[in-house]
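Undergrad: predicted model and sequence follow; I will ask about them next.
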Amino acid sequence: MANPNLERFLGGSPAAVAVRLIVVSFIVGVLLVMFGVEPGDIVASVGRLVRRIIDEGLVDFRQFGRTLLTGAIVVVPIWLVIRLLDSRRSR
């Protein structure tokens, strides 16, 4: 007796799902080998993709910080002067 929740999650009995996955994996593997794709190539490509996304993302955060700092150098002193002038006017 299999767990009905497990069967619902897998989409069938575990044995049937395993057989389907093996058959589909073999067919996809044959097609990829025909085009010269190797498992190591796929893993290396995914690793390069993740590394590139991280590198590009960090550059974007660094640029965001520089842009924020550049604007703050101008905005904060002006805001401070305006606040000081408003506090004198309120008295």
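TA: Great, that's in hand.
Undergrad: when you work out contacts or count neighbours from here on, use the C-alpha atoms and nothing else.
TA: OK.
Undergrad: what does residue 37 show for phi and psi?
TA: phi -90, psi 130 (degrees, to the nearest 10).
Undergrad: how far off centre is the helix or strand where residue 54 lies?
TA: Using DSSP states H and E, residue 54 falls within helix 39-90. Per Cα atoms, centre = their mean, to the nearest Å, the displacement of helix 39-90 from the mean C-alpha position of its chain is 18 Å.
Undergrad: what mean pLDDT would you report for that helix?
TA: Averaged over helix 39-90, pLDDT sits at 88.
Undergrad: okay, now the domains of the chain?
TA: Following automatic domain parsing, one gets these domains for the chain: 1-37, 39-91.
Undergrad: reformat those domains as CSV; add mean neighbour count.
TA: Converted to CSV, the domains of the chain look like this (neighbours: other Cα atoms under 10 Å):
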stretch, mean neighbour count
domain 1-37, 11
domain 39-91, 11
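Undergrad: same for the helix holding residue 54, what does it pack against?
TA: Helix 39-90 is packed against no helix or strand, with contacts defined by 3 or more Cα pairs under 8 Å, 6 or more residues apart in numbering; DSSP states H and E.
Undergrad: dump the residue contacts of the spatially most central residue of the chain.
TA: By Cα atoms, centre = their mean, the chain has its centre lying nearest to residue 53, at 7.7 Å. With contacts defined as Cα atoms under 8 Å, 6 or more residues apart in numbering, residue 53 has no neighbours.
Undergrad: right, I'll leave it there.
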